[in-house]
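Novice: need coordinates for the below:
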Amino acid sequence: MKQAAKNAVEGRSPTGPRETAEVLYVTWLPEAKQLRVHFQTTITDGAYSYGRGVELREDGDRLPSSRPPRDQGGVRYGTMFGVELGMAYEVSKTGAVERTAPRPIRSFKKELPPPA
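Specialist: Presented below is the predicted three-dimensional model:
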């Protein structure tokens with residue numbers, strides 16, 4: 001995560017929050033008669049700002065939004081970065097683990113646009 005942060009926010013400090021999401025995929029492989037179980041973990045952080053956007057008046061002019069902010073700070077935008085990692089297992093019909101395959105660690109960066 002330190003390397004992903006260094007590459008993504010270029011010297012700025014992440015504002016957080018750091019979040020973790022886990023996903024489980026299960027697939028039956030009919031030819032091999034095995035179950036494939038894939039665990040994936042995504043850890044994200046970012047340098048975020050919060051804004052409320054604008055709303056249109058009846059005459060078409062734009063005004064700052066009077067809608068209540070989401071999470072008391074508005075809509076989150078800025079630079080998100082993180083890493084994805086995981087592990088895959090192939091399991092026989094008897095329950096024996098036949099094969100394991102670590103998934104390579106992948107870092108990413110995503111720009112979240114400001115609210116409209």
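Novice: for stretch 1-12, list every residue counted as buried.
Specialist: For stretch 1-12, a neighbour-count test (16 or more other Cβ atoms under 10 Å) marks 4, 5, 8, 9 as buried. Using the backbone N, CA and C atoms, a C-beta is placed for each residue, glycine as well.
Novice: and of the residues you listed, the nearest to residue 29?
Specialist: residue 4 (32.7 Å; Cβ to Cβ).
Novice: please name the nearest non-neighbouring residue to that closest one.
Specialist: The shortest distance from residue 4 to any residue other than its chain neighbours is 4.1 Å, reached at residue 107 (Cβ to Cβ, 6 or more residues apart in numbering).
Novice: is that neighbour in contact with residue 5, as I believe?
Specialist: No: between residue 107 and residue 5 there is no contact under Cβ atoms under 8 Å: 9.4 Å.
Novice: any residues in contact with both of these two?
Specialist: residue 81 (Cβ atoms under 8 Å, 6 or more residues apart in numbering).
Novice: which parts of stretch 75-95 are buried?
Specialist: 75-84, 86, 88, 90-91.
Novice: can you put these in CSV and add secondary structure?
Specialist: Listed next are these as CSV, based on DSSP: H, G, I helix; E, B strand; the rest coil:
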residue, secondary structure
75, strand
76, strand
77, strand
78, strand
79, strand
80, strand
81, strand
82, strand
83, strand
84, strand
86, strand
88, strand
90, strand
91, strand
